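[1] Sequence below, structure please.
(chains A, B, C and D)
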Protein chains: 2
Amino acid sequence: MKFLVKENPDNDQLFNFINEAFSKRAFLLLFACCKVKYEGRAVSRLGLGDRTMIIKGDGSFLIHQDRNLEPVNWQPPGTKFTVELDDHRLYLRGSRRNPKEVLEVEICQAYLASYHTGRDIQMLELVGYEEDMRDMIMADPGIIEEGFRPTAREYSTNTGFIDILGKDKNDNLMVLELKSRRAGVNAVKQLKRYLDSFVDHKKLVRGILVAPSVTEDALELLEENGMEFLALEPPMDLKDSGVLTLEDF
Amino acid sequence: MKFLVKENPDNDQLFNFINEAFSKRAFLLLFACCKVKYEGRAVSRLGLGDRTMIIKGDGSFLIHQDRNLEPVNWQPPGTKFTVELDDHRLYLRGSRRNPKEVLEVEICQAYLASYHTGRDIQMLELVGYEEDMRDMIMADPGIIEEGFRPTAREYSTNTGFIDILGKDKNDNLMVLELKSRRAGVNAVKQLKRYLDSFVDHKKLVRGILVAPSVTEDALELLEENGMEFLALEPPMDLKDSGVLTLEDF
DNA sequence: CATTAGATTTCGGCA
DNA sequence: TGCCGAAGTCTAATG
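    Residues are numbered from 1 along each chain as shown, chains lettered A, B, ... in the order given. Predicted structure coming up:
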(Lines give C-alpha, C1' and ligand atoms only; values in the text may rest on other atoms or scores of the structure.)
Protein backbone atom coordinates (compact mmCIF):
# COMPACT_ATOMS: atom_id res chain seq x y z
CA MET A 1 0.00 0.00 0.00
CA LYS A 2 1.30 3.38 -1.02
CA PHE A 3 0.52 6.12 1.43
CA LEU A 4 1.41 9.80 1.08
CA VAL A 5 0.72 12.85 3.20
CA LYS A 6 1.20 16.51 2.39
CA GLU A 7 0.68 19.33 4.86
CA ASN A 8 -0.34 22.81 3.82
CA PRO A 9 0.31 22.34 0.11
CA ASP A 10 -0.15 25.34 -2.12
CA ASN A 11 -2.66 24.91 -4.92
CA ASP A 12 0.00 24.06 -7.48
CA GLN A 13 1.31 21.24 -5.33
CA LEU A 14 -2.23 20.14 -4.49
CA PHE A 15 -3.14 20.05 -8.17
CA ASN A 16 -0.34 17.58 -8.85
CA PHE A 17 -1.09 15.60 -5.72
CA ILE A 18 -4.75 15.16 -6.61
CA ASN A 19 -3.95 14.18 -10.18
CA GLU A 20 -1.50 11.63 -8.86
CA ALA A 21 -4.16 10.19 -6.57
CA PHE A 22 -6.71 10.03 -9.40
CA SER A 23 -4.28 8.28 -11.74
CA LYS A 24 -3.84 5.56 -9.10
CA ARG A 25 -7.54 5.38 -8.24
CA ALA A 26 -6.47 6.01 -4.69
CA PHE A 27 -8.45 6.86 -1.58
CA LEU A 28 -8.00 10.63 -1.31
CA LEU A 29 -8.41 12.63 1.87
CA LEU A 30 -8.48 16.43 1.88
CA PHE A 31 -8.91 19.02 4.56
CA ALA A 32 -9.25 22.47 3.11
CA CYS A 33 -10.93 25.83 3.20
CA CYS A 34 -13.39 25.78 0.33
CA LYS A 35 -16.68 26.74 -1.23
CA VAL A 36 -19.09 24.14 -2.54
CA LYS A 37 -21.66 24.17 -5.31
CA TYR A 38 -24.04 21.39 -6.28
CA GLU A 39 -26.41 21.17 -9.21
CA GLY A 40 -28.41 18.14 -10.14
CA ARG A 41 -31.24 16.49 -8.24
CA ALA A 42 -31.39 19.76 -6.33
CA VAL A 43 -29.32 22.91 -6.21
CA SER A 44 -27.17 23.95 -3.27
CA ARG A 45 -24.50 26.41 -2.28
CA LEU A 46 -22.15 26.39 0.67
CA GLY A 47 -20.04 29.42 1.52
CA LEU A 48 -16.41 29.52 2.54
CA GLY A 49 -15.36 27.23 5.37
CA ASP A 50 -13.09 24.35 6.45
CA ARG A 51 -14.27 20.91 5.34
CA THR A 52 -12.99 17.38 5.21
CA MET A 53 -13.35 15.64 1.88
CA ILE A 54 -13.09 12.01 0.90
CA ILE A 55 -12.82 10.71 -2.64
CA LYS A 56 -12.75 6.95 -2.89
CA GLY A 57 -11.36 4.81 -5.68
CA ASP A 58 -14.88 3.79 -6.68
CA GLY A 59 -15.84 7.41 -7.29
CA SER A 60 -17.60 8.13 -4.01
CA PHE A 61 -17.27 11.77 -3.02
CA LEU A 62 -18.05 13.07 0.48
CA ILE A 63 -17.78 16.55 1.95
CA HIS A 64 -18.10 16.79 5.72
CA GLN A 65 -18.64 19.83 7.89
CA ASP A 66 -17.82 19.78 11.61
CA ARG A 67 -21.21 18.43 12.64
CA ASN A 68 -23.80 15.84 11.67
CA LEU A 69 -23.30 12.27 10.63
CA GLU A 70 -24.27 12.90 7.05
CA PRO A 71 -22.01 14.67 4.57
CA VAL A 72 -23.17 18.18 3.73
CA ASN A 73 -22.61 17.41 0.05
CA TRP A 74 -21.74 14.21 -1.70
CA GLN A 75 -21.74 12.24 -4.91
CA PRO A 76 -22.41 8.48 -5.12
CA PRO A 77 -19.95 5.87 -6.49
CA GLY A 78 -19.26 6.12 -10.21
CA THR A 79 -18.55 9.83 -10.17
CA LYS A 80 -15.98 11.10 -12.70
CA PHE A 81 -13.58 13.74 -11.50
CA THR A 82 -11.72 16.64 -13.00
CA VAL A 83 -9.40 19.05 -11.31
CA GLU A 84 -8.60 22.45 -12.74
CA LEU A 85 -6.11 25.09 -11.75
CA ASP A 86 -7.19 28.55 -12.79
CA ASP A 87 -5.01 31.43 -11.69
CA HIS A 88 -4.15 29.74 -8.37
CA ARG A 89 -7.75 28.85 -7.69
CA LEU A 90 -8.29 25.11 -7.66
CA TYR A 91 -11.58 23.59 -8.80
CA LEU A 92 -12.40 19.99 -8.02
CA ARG A 93 -15.44 18.68 -9.88
CA GLY A 94 -17.27 15.39 -9.62
CA SER A 95 -19.81 14.69 -12.37
CA ARG A 96 -22.34 11.97 -12.89
CA ARG A 97 -24.85 11.13 -15.58
CA ASN A 98 -28.17 9.56 -14.72
CA PRO A 99 -29.03 11.61 -12.95
CA LYS A 100 -27.00 14.45 -14.39
CA GLU A 101 -25.37 16.18 -11.49
CA VAL A 102 -22.19 18.06 -10.68
CA LEU A 103 -20.50 18.75 -7.38
CA GLU A 104 -17.86 21.46 -7.51
CA VAL A 105 -15.41 22.46 -4.81
CA GLU A 106 -13.39 25.62 -5.05
CA ILE A 107 -10.38 25.18 -2.81
CA CYS A 108 -8.85 28.32 -1.39
CA GLN A 109 -6.32 26.77 0.91
CA ALA A 110 -5.59 23.15 1.72
CA TYR A 111 -4.32 22.14 5.14
CA LEU A 112 -3.94 18.44 4.56
CA ALA A 113 -3.89 16.12 1.60
CA SER A 114 -3.28 12.42 1.75
CA TYR A 115 -3.92 9.37 -0.34
CA HIS A 116 -3.48 5.65 -0.06
CA THR A 117 -3.83 2.82 -2.58
CA GLY A 118 -4.62 -0.13 -0.33
CA ARG A 119 -7.66 -2.31 -0.86
CA ASP A 120 -9.90 -3.47 1.97
CA ILE A 121 -11.43 -6.81 1.07
CA GLN A 122 -13.03 -7.48 4.44
CA MET A 123 -16.79 -7.66 4.31
CA LEU A 124 -19.01 -6.52 7.13
CA GLU A 125 -20.95 -9.24 8.86
CA LEU A 126 -24.24 -7.86 10.03
CA VAL A 127 -27.43 -9.26 11.53
CA GLY A 128 -30.59 -7.81 12.94
CA TYR A 129 -32.76 -7.09 9.93
CA GLU A 130 -36.29 -7.88 8.97
CA GLU A 131 -34.89 -10.62 6.73
CA ASP A 132 -33.25 -12.29 9.72
CA MET A 133 -36.62 -12.23 11.45
CA ARG A 134 -38.23 -13.90 8.44
CA ASP A 135 -35.54 -16.59 8.42
CA MET A 136 -36.01 -17.17 12.12
CA ILE A 137 -39.80 -17.48 11.85
CA MET A 138 -39.67 -19.75 8.79
CA ALA A 139 -37.16 -21.98 10.59
CA ASP A 140 -39.18 -22.07 13.81
CA PRO A 141 -42.82 -21.04 13.22
CA GLY A 142 -43.73 -21.99 16.77
CA ILE A 143 -42.26 -18.71 18.04
CA ILE A 144 -45.28 -16.97 16.51
CA GLU A 145 -47.73 -19.28 18.23
CA GLU A 146 -48.32 -22.95 18.77
CA GLY A 147 -49.65 -24.52 15.58
CA PHE A 148 -48.65 -21.72 13.21
CA ARG A 149 -47.70 -22.97 9.74
CA PRO A 150 -46.23 -20.58 7.17
CA THR A 151 -47.48 -21.18 3.65
CA ALA A 152 -45.72 -18.40 1.73
CA ARG A 153 -42.91 -15.93 2.08
CA GLU A 154 -43.22 -12.68 0.14
CA TYR A 155 -46.78 -13.40 -0.97
CA SER A 156 -47.82 -10.97 -3.68
CA THR A 157 -51.01 -8.90 -3.36
CA ASN A 158 -52.27 -5.96 -5.38
CA THR A 159 -50.94 -3.58 -2.73
CA GLY A 160 -47.54 -5.16 -2.20
CA PHE A 161 -45.82 -8.18 -0.73
CA ILE A 162 -46.94 -9.85 2.46
CA ASP A 163 -43.90 -10.76 4.54
CA ILE A 164 -45.22 -14.11 5.69
CA LEU A 165 -48.56 -15.74 4.97
CA GLY A 166 -49.70 -18.80 6.93
CA LYS A 167 -52.42 -20.58 8.84
CA ASP A 168 -53.11 -21.07 12.53
CA LYS A 169 -54.05 -24.37 14.13
CA ASN A 170 -57.73 -23.73 13.23
CA ASP A 171 -56.83 -23.17 9.57
CA ASN A 172 -57.52 -19.45 9.76
CA LEU A 173 -55.36 -17.44 7.36
CA MET A 174 -52.67 -15.37 9.10
CA VAL A 175 -51.00 -12.33 7.54
CA LEU A 176 -47.73 -11.40 9.24
CA GLU A 177 -46.18 -7.97 8.85
CA LEU A 178 -42.63 -7.89 10.15
CA LYS A 179 -40.67 -4.90 11.40
CA SER A 180 -37.18 -5.19 12.83
CA ARG A 181 -37.60 -1.87 14.69
CA ARG A 182 -40.34 -0.27 16.76
CA ALA A 183 -43.40 -0.25 14.52
CA GLY A 184 -45.56 2.82 13.92
CA VAL A 185 -48.98 3.51 12.45
CA ASN A 186 -47.70 3.07 8.90
CA ALA A 187 -46.90 -0.57 9.58
CA VAL A 188 -50.46 -1.07 10.83
CA LYS A 189 -51.94 0.67 7.79
CA GLN A 190 -49.82 -1.49 5.55
CA LEU A 191 -51.05 -4.61 7.32
CA LYS A 192 -54.62 -3.35 7.04
CA ARG A 193 -54.24 -2.97 3.27
CA TYR A 194 -53.02 -6.54 2.98
CA LEU A 195 -56.05 -7.76 4.95
CA ASP A 196 -58.34 -5.72 2.71
CA SER A 197 -57.12 -7.71 -0.28
CA PHE A 198 -58.61 -10.82 1.38
CA VAL A 199 -61.97 -9.10 1.95
CA ASP A 200 -63.93 -11.74 0.02
CA HIS A 201 -62.23 -14.61 1.81
CA LYS A 202 -64.67 -17.02 3.41
CA LYS A 203 -62.95 -17.65 6.73
CA LEU A 204 -61.40 -15.38 9.33
CA VAL A 205 -58.17 -13.68 8.28
CA ARG A 206 -55.91 -12.63 11.15
CA GLY A 207 -53.50 -9.73 10.79
CA ILE A 208 -50.46 -9.82 13.03
CA LEU A 209 -47.83 -7.14 13.41
CA VAL A 210 -44.55 -8.71 14.50
CA ALA A 211 -41.97 -6.27 15.84
CA PRO A 212 -39.80 -5.71 18.92
CA SER A 213 -42.19 -2.97 20.04
CA VAL A 214 -44.96 -0.73 18.80
CA THR A 215 -46.03 2.89 19.25
CA GLU A 216 -49.12 3.59 21.30
CA ASP A 217 -51.01 5.01 18.32
CA ALA A 218 -50.17 1.94 16.29
CA LEU A 219 -51.40 -0.38 19.03
CA GLU A 220 -54.71 1.51 19.21
CA LEU A 221 -55.14 1.31 15.46
CA LEU A 222 -54.40 -2.40 15.57
CA GLU A 223 -57.09 -3.03 18.15
CA GLU A 224 -59.63 -0.83 16.36
CA ASN A 225 -59.20 -3.06 13.33
CA GLY A 226 -59.22 -6.34 15.19
CA MET A 227 -55.58 -7.04 14.47
CA GLU A 228 -52.87 -8.35 16.78
CA PHE A 229 -49.40 -7.41 17.95
CA LEU A 230 -46.67 -9.90 18.72
CA ALA A 231 -43.44 -8.74 20.39
CA LEU A 232 -40.43 -10.37 18.78
CA GLU A 233 -36.82 -9.24 18.70
CA PRO A 234 -34.81 -9.74 15.50
CA PRO A 235 -32.07 -12.33 15.97
CA MET A 236 -28.73 -10.78 16.80
CA ASP A 237 -26.46 -13.81 16.54
CA LEU A 238 -23.79 -13.68 13.92
CA LYS A 239 -23.57 -16.81 11.86
CA ASP A 240 -20.25 -18.54 12.25
CA SER A 241 -18.40 -17.54 9.11
CA GLY A 242 -15.03 -19.03 9.92
CA VAL A 243 -13.40 -15.64 9.40
CA LEU A 244 -13.62 -14.64 13.02
CA THR A 245 -12.44 -16.67 15.95
CA LEU A 246 -13.15 -16.34 19.63
CA GLU A 247 -9.89 -14.51 19.96
CA ASP A 248 -10.89 -11.74 17.63
CA PHE A 249 -12.52 -9.77 20.42
CA MET B 1 -8.09 27.14 14.45
CA LYS B 2 -5.65 24.65 15.88
CA PHE B 3 -4.60 21.95 13.46
CA LEU B 4 -2.26 19.03 14.18
CA VAL B 5 -1.04 16.10 12.13
CA LYS B 6 0.84 13.02 13.19
CA GLU B 7 2.17 10.38 10.83
CA ASN B 8 2.61 6.76 11.81
CA PRO B 9 2.20 7.29 15.53
CA ASP B 10 2.66 4.29 17.78
CA ASN B 11 -0.31 3.43 19.95
CA ASP B 12 1.11 5.26 22.97
CA GLN B 13 1.44 8.47 21.00
CA LEU B 14 -1.95 7.91 19.40
CA PHE B 15 -3.55 7.42 22.79
CA ASN B 16 -2.36 10.84 23.91
CA PHE B 17 -3.24 12.42 20.60
CA ILE B 18 -6.82 11.14 20.68
CA ASN B 19 -7.30 12.23 24.30
CA GLU B 20 -6.02 15.66 23.38
CA ALA B 21 -8.51 15.86 20.53
CA PHE B 22 -11.39 14.73 22.75
CA SER B 23 -10.55 17.29 25.45
CA LYS B 24 -10.83 20.01 22.80
CA ARG B 25 -13.96 18.56 21.21
CA ALA B 26 -11.98 18.64 17.99
CA PHE B 27 -12.69 17.14 14.59
CA LEU B 28 -10.58 13.98 14.61
CA LEU B 29 -9.37 12.16 11.52
CA LEU B 30 -7.74 8.74 11.68
CA PHE B 31 -6.39 6.35 9.10
CA ALA B 32 -5.46 3.06 10.64
CA CYS B 33 -5.43 -0.71 10.38
CA CYS B 34 -8.20 -1.90 12.66
CA LYS B 35 -10.98 -4.30 13.56
CA VAL B 36 -14.50 -3.08 14.21
CA LYS B 37 -17.31 -4.37 16.39
CA TYR B 38 -20.82 -2.95 16.69
CA GLU B 39 -23.61 -3.93 19.04
CA GLY B 40 -26.87 -2.12 19.42
CA ARG B 41 -29.68 -1.74 16.91
CA ALA B 42 -27.99 -4.60 15.10
CA VAL B 43 -24.79 -6.58 15.56
CA SER B 44 -21.78 -6.49 13.25
CA ARG B 45 -18.17 -7.49 12.96
CA LEU B 46 -15.49 -6.31 10.55
CA GLY B 47 -12.12 -8.05 10.33
CA LEU B 48 -8.70 -6.46 10.06
CA GLY B 49 -8.21 -3.81 7.40
CA ASP B 50 -7.28 -0.19 6.67
CA ARG B 51 -10.05 2.31 7.32
CA THR B 52 -10.55 6.04 7.54
CA MET B 53 -12.33 7.27 10.63
CA ILE B 54 -13.93 10.59 11.46
CA ILE B 55 -15.00 11.70 14.91
CA LYS B 56 -16.66 15.10 14.98
CA GLY B 57 -16.99 17.48 17.88
CA ASP B 58 -20.72 16.79 18.07
CA GLY B 59 -20.09 13.10 18.66
CA SER B 60 -20.62 11.83 15.13
CA PHE B 61 -18.50 8.75 14.43
CA LEU B 62 -17.87 7.41 10.93
CA ILE B 63 -15.78 4.49 9.70
CA HIS B 64 -15.16 4.30 5.97
CA GLN B 65 -13.82 1.47 3.87
CA ASP B 66 -12.36 2.06 0.42
CA ARG B 67 -15.69 1.84 -1.37
CA ASN B 68 -19.29 3.00 -1.11
CA LEU B 69 -20.66 6.33 -0.13
CA GLU B 70 -22.00 5.12 3.18
CA PRO B 71 -19.76 4.40 6.15
CA VAL B 72 -19.36 0.71 6.93
CA ASN B 73 -19.97 1.47 10.60
CA TRP B 74 -21.06 4.63 12.34
CA GLN B 75 -22.62 6.26 15.36
CA PRO B 76 -24.89 9.35 15.21
CA PRO B 77 -24.17 12.70 16.94
CA GLY B 78 -24.24 12.60 20.73
CA THR B 79 -21.95 9.61 21.02
CA LYS B 80 -19.68 9.52 24.08
CA PHE B 81 -16.14 8.27 23.55
CA THR B 82 -13.56 6.43 25.56
CA VAL B 83 -10.09 5.38 24.51
CA GLU B 84 -8.22 2.62 26.25
CA LEU B 85 -4.65 1.42 25.94
CA ASP B 86 -4.28 -2.21 26.90
CA ASP B 87 -0.87 -3.77 26.42
CA HIS B 88 -0.18 -1.72 23.27
CA ARG B 89 -3.58 -2.49 21.83
CA LEU B 90 -5.69 0.61 21.49
CA TYR B 91 -9.48 0.46 21.85
CA LEU B 92 -11.63 3.34 20.74
CA ARG B 93 -15.24 3.07 21.85
CA GLY B 94 -18.24 5.21 21.07
CA SER B 95 -21.34 4.61 23.20
CA ARG B 96 -24.86 5.93 23.04
CA ARG B 97 -27.97 5.48 25.12
CA ASN B 98 -31.37 5.45 23.52
CA PRO B 99 -30.88 3.35 21.71
CA LYS B 100 -28.16 1.62 23.67
CA GLU B 101 -25.36 0.88 21.27
CA VAL B 102 -21.59 0.61 21.23
CA LEU B 103 -19.14 0.89 18.38
CA GLU B 104 -15.66 -0.38 19.18
CA VAL B 105 -12.51 -0.07 17.10
CA GLU B 106 -9.39 -2.00 17.91
CA ILE B 107 -6.49 -0.16 16.33
CA CYS B 108 -3.45 -2.22 15.43
CA GLN B 109 -1.47 0.40 13.61
CA ALA B 110 -2.26 4.00 12.78
CA TYR B 111 -0.90 5.64 9.64
CA LEU B 112 -2.33 9.09 10.11
CA ALA B 113 -3.94 11.05 12.90
CA SER B 114 -5.03 14.64 12.68
CA TYR B 115 -7.37 16.97 14.44
CA HIS B 116 -8.58 20.52 14.09
CA THR B 117 -10.66 22.75 16.32
CA GLY B 118 -12.22 25.16 13.82
CA ARG B 119 -15.94 25.74 13.62
CA ASP B 120 -17.80 25.91 10.34
CA ILE B 121 -20.78 28.19 10.72
CA GLN B 122 -21.80 28.21 7.07
CA MET B 123 -25.18 26.66 6.47
CA LEU B 124 -26.04 24.81 3.30
CA GLU B 125 -28.63 26.49 1.13
CA LEU B 126 -30.67 23.89 -0.62
CA VAL B 127 -33.63 24.26 -2.91
CA GLY B 128 -35.64 21.87 -5.01
CA TYR B 129 -37.81 20.22 -2.37
CA GLU B 130 -41.45 19.55 -2.06
CA GLU B 131 -41.68 22.41 0.38
CA ASP B 132 -40.41 24.82 -2.22
CA MET B 133 -43.01 23.48 -4.62
CA ARG B 134 -45.72 24.07 -2.02
CA ASP B 135 -44.47 27.60 -1.46
CA MET B 136 -44.46 28.24 -5.18
CA ILE B 137 -47.99 26.91 -5.67
CA MET B 138 -49.42 28.71 -2.64
CA ALA B 139 -47.86 31.96 -3.85
CA ASP B 140 -49.10 31.50 -7.41
CA PRO B 141 -51.98 28.99 -7.58
CA GLY B 142 -52.54 29.77 -11.26
CA ILE B 143 -49.58 27.59 -12.22
CA ILE B 144 -51.77 24.58 -11.38
CA GLU B 145 -54.61 25.77 -13.54
CA GLU B 146 -56.67 28.87 -14.16
CA GLY B 147 -59.08 29.43 -11.29
CA PHE B 148 -57.41 27.09 -8.79
CA ARG B 149 -57.77 28.26 -5.17
CA PRO B 150 -55.87 26.47 -2.39
CA THR B 151 -57.91 26.12 0.80
CA ALA B 152 -55.49 24.16 3.00
CA ARG B 153 -51.87 23.21 3.21
CA GLU B 154 -51.07 19.92 4.90
CA TYR B 155 -54.69 18.91 5.30
CA SER B 156 -55.02 15.98 7.68
CA THR B 157 -56.83 12.78 6.65
CA ASN B 158 -57.00 9.37 8.28
CA THR B 159 -54.30 8.10 5.94
CA GLY B 160 -51.94 11.06 6.18
CA PHE B 161 -51.53 14.67 5.16
CA ILE B 162 -52.67 16.02 1.85
CA ASP B 163 -50.00 18.35 0.48
CA ILE B 164 -52.45 20.94 -0.84
CA LEU B 165 -56.23 20.88 -0.79
CA GLY B 166 -58.21 23.36 -2.89
CA LYS B 167 -61.03 23.99 -5.30
CA ASP B 168 -61.20 24.55 -9.03
CA LYS B 169 -63.19 27.27 -10.78
CA ASN B 170 -66.29 25.01 -10.67
CA ASP B 171 -65.94 24.53 -6.93
CA ASN B 172 -64.85 20.90 -7.27
CA LEU B 173 -62.52 19.77 -4.52
CA MET B 174 -58.93 19.23 -5.66
CA VAL B 175 -56.42 17.03 -3.86
CA LEU B 176 -52.81 17.79 -4.85
CA GLU B 177 -50.03 15.32 -4.20
CA LEU B 178 -46.61 16.92 -4.73
CA LYS B 179 -43.37 15.19 -5.58
CA SER B 180 -40.18 17.12 -6.18
CA ARG B 181 -38.83 14.30 -8.32
CA ARG B 182 -40.11 11.73 -10.79
CA ALA B 183 -43.22 10.20 -9.25
CA GLY B 184 -43.84 6.45 -9.14
CA VAL B 185 -46.77 4.16 -8.47
CA ASN B 186 -46.46 4.72 -4.72
CA ALA B 187 -47.27 8.40 -5.16
CA VAL B 188 -50.39 7.44 -7.11
CA LYS B 189 -51.45 4.92 -4.48
CA GLN B 190 -50.99 7.56 -1.81
CA LEU B 191 -53.12 10.03 -3.76
CA LYS B 192 -55.74 7.32 -4.26
CA ARG B 193 -55.92 6.75 -0.51
CA TYR B 194 -56.47 10.46 0.06
CA LEU B 195 -59.30 10.49 -2.45
CA ASP B 196 -60.82 7.44 -0.78
CA SER B 197 -61.18 9.45 2.41
CA PHE B 198 -63.56 11.78 0.51
CA VAL B 199 -65.67 8.88 -0.74
CA ASP B 200 -68.91 10.22 0.75
CA HIS B 201 -68.33 13.73 -0.59
CA LYS B 202 -71.26 15.04 -2.64
CA LYS B 203 -69.40 16.68 -5.50
CA LEU B 204 -66.56 15.56 -7.75
CA VAL B 205 -63.18 15.27 -6.06
CA ARG B 206 -60.21 15.58 -8.40
CA GLY B 207 -56.89 13.95 -7.62
CA ILE B 208 -53.84 15.56 -9.15
CA LEU B 209 -50.29 14.33 -9.02
CA VAL B 210 -47.90 17.25 -9.37
CA ALA B 211 -44.31 16.31 -10.17
CA PRO B 212 -41.60 17.04 -12.73
CA SER B 213 -42.30 13.69 -14.36
CA VAL B 214 -43.99 10.38 -13.76
CA THR B 215 -43.21 6.72 -14.43
CA GLU B 216 -45.25 4.96 -17.09
CA ASP B 217 -46.75 2.56 -14.54
CA ALA B 218 -47.81 5.46 -12.39
CA LEU B 219 -49.42 7.27 -15.31
CA GLU B 220 -51.41 4.15 -16.19
CA LEU B 221 -52.58 3.77 -12.62
CA LEU B 222 -53.57 7.43 -12.54
CA GLU B 223 -55.73 7.08 -15.63
CA GLU B 224 -57.29 3.85 -14.41
CA ASN B 225 -58.47 5.73 -11.34
CA GLY B 226 -59.61 8.87 -13.13
CA MET B 227 -56.86 10.99 -11.65
CA GLU B 228 -54.64 13.56 -13.32
CA PHE B 229 -50.97 14.33 -13.74
CA LEU B 230 -49.52 17.82 -13.91
CA ALA B 231 -45.89 18.32 -14.89
CA LEU B 232 -44.26 20.94 -12.71
CA GLU B 233 -40.59 21.46 -11.97
CA PRO B 234 -39.61 22.32 -8.41
CA PRO B 235 -38.21 25.86 -8.13
CA MET B 236 -34.46 25.92 -8.48
CA ASP B 237 -33.87 29.60 -7.63
CA LEU B 238 -31.81 30.23 -4.53
CA LYS B 239 -33.50 32.47 -2.07
CA ASP B 240 -31.61 35.67 -1.43
CA SER B 241 -29.98 35.04 1.92
CA GLY B 242 -27.45 37.84 1.93
CA VAL B 243 -24.71 35.33 2.68
CA LEU B 244 -23.70 34.81 -0.88
CA THR B 245 -22.88 37.45 -3.41
CA LEU B 246 -22.74 37.32 -7.18
CA GLU B 247 -19.03 37.00 -6.99
CA ASP B 248 -19.18 33.77 -5.05
CA PHE B 249 -19.12 31.64 -8.18
C1' DC C 1 -30.99 -0.30 -17.04
C1' DA C 2 -35.20 0.75 -14.17
C1' DT C 3 -37.90 -0.54 -10.04
C1' DT C 4 -38.55 -1.81 -5.17
C1' DA C 5 -38.14 -2.36 -0.32
C1' DG C 6 -35.25 -1.99 3.76
C1' DA C 7 -32.00 0.69 6.57
C1' DT C 8 -27.88 0.53 13.01
C1' DT C 9 -31.40 4.78 7.73
C1' DT C 10 -30.45 10.39 9.29
C1' DC C 11 -32.56 14.66 9.95
C1' DG C 12 -35.80 18.16 10.98
C1' DG C 13 -40.20 19.55 12.81
C1' DC C 14 -43.80 19.36 15.95
C1' DA C 15 -46.49 17.90 19.87
C1' DT D 1 -38.43 13.01 24.32
C1' DG D 2 -41.02 10.38 20.94
C1' DC D 3 -43.21 10.10 16.58
C1' DC D 4 -43.83 11.08 11.78
C1' DG D 5 -42.43 12.19 7.10
C1' DA D 6 -38.96 13.58 3.63
C1' DA D 7 -34.40 12.80 1.58
C1' DG D 8 -29.92 15.13 -3.87
C1' DT D 9 -31.72 9.53 0.66
C1' DC D 10 -28.16 4.89 -0.33
C1' DT D 11 -27.84 -0.01 -1.20
C1' DA D 12 -28.61 -4.63 -2.67
C1' DA D 13 -31.65 -7.57 -5.08
C1' DT D 14 -34.58 -8.40 -8.89
C1' DG D 15 -36.72 -8.22 -13.65
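
[2] What ranges in chain A fall below the confidence cut-off?
    For chain A, the stretches flagged by pLDDT under 70 are A:240-249.

[3] hmm, the strand ranked longest in chain A in reach of DNA strand C?
    Longest strand in chain A, counting residues (DSSP state E): strand A:101-116. No - for strand A:101-116, no contact with DNA strand C is found by C-beta under 7 Å from any atom of the strand; the gap never falls below 13.6 Å. (Glycine included, C-beta is placed from N, CA and C.)

[4] now that strand and strand B:101-116, what's the angle there?
    Relative orientation of strand A:101-116 and strand B:101-116, computed by axes from the mean of the first three to the mean of the last three C-alpha atoms, to 10 degrees: 80 degrees.

[5] Strand A:101-116: which residues count as buried?
    Neighbour-count burial for strand A:101-116 flags A:101, A:103-107, A:110-116 (criterion: 16 or more other C-beta atoms under 10 Å in any protein chain shown).

[6] Contacts only, for the one residue in chain A that gets nearest to DNA strand D.
    Residue nearest to DNA strand D within chain A: A:Gly184 (2.6 Å; C-beta to the nearest atom of the strand). For A:Gly184, the contacting residues are A:Val214, A:Thr215, A:Asp217, A:Ala218, by C-beta atoms under 8 Å, 6 or more residues apart in numbering or on different chains.

[7] Now, the residues you listed that are in helices?
    Among those, the ones falling in helices (DSSP state H) are A:Asp217, A:Ala218.

[8] Filter the contacts of A:Gly184 down to the buried ones.
    Buried by 16+ other C-beta under 10 Å: A:Val214, A:Thr215, A:Ala218, out of the contacts of A:Gly184.

[9] so what's the second one up against?
    I take that to be A:Thr215. Applying C-beta under 8 Å, 6+ apart, we find A:Thr215 in contact with A:Arg182, A:Ala183, A:Gly184, A:Val185.

[10] Most neighbours among those, please name it.
    A:Ala183 (24 neighbours; other C-beta atoms under 10 Å in any protein chain shown).

[11] Need the phi and psi values for the closest residue in space to that one that isn't next to it in sequence.
    Once flanking residues are discounted, A:Ala183 sits nearest to A:Ala211: 3.9 Å by C-beta to C-beta, 6 or more residues apart in numbering or on different chains. Note on A:Ala211: backbone dihedrals following degrees, to the nearest 10 are phi -160, psi 160.

[12] Domains of chain A: list them as residue ranges, please.
    Domains of chain A are assigned by automatic domain parsing as A:3-116, A:130-231.

[13] ranges for the helices of chain A?
    Going by DSSP H, chain A shows helices at A:11-23, A:130-139, A:185-196, A:216-224.

[14] thinking A:Thr157 is in contact with A:Tyr194, fair?
    Yes - A:Thr157 lies in contact with A:Tyr194 (C-beta atoms under 8 Å); the separation is 5.8 Å.

[15] Show me which of those two is the more surrounded one.
    When A:Thr157 and A:Tyr194 are compared on other C-beta under 10 Å, the one with more neighbours turns out to be A:Tyr194, at 23 against 15.
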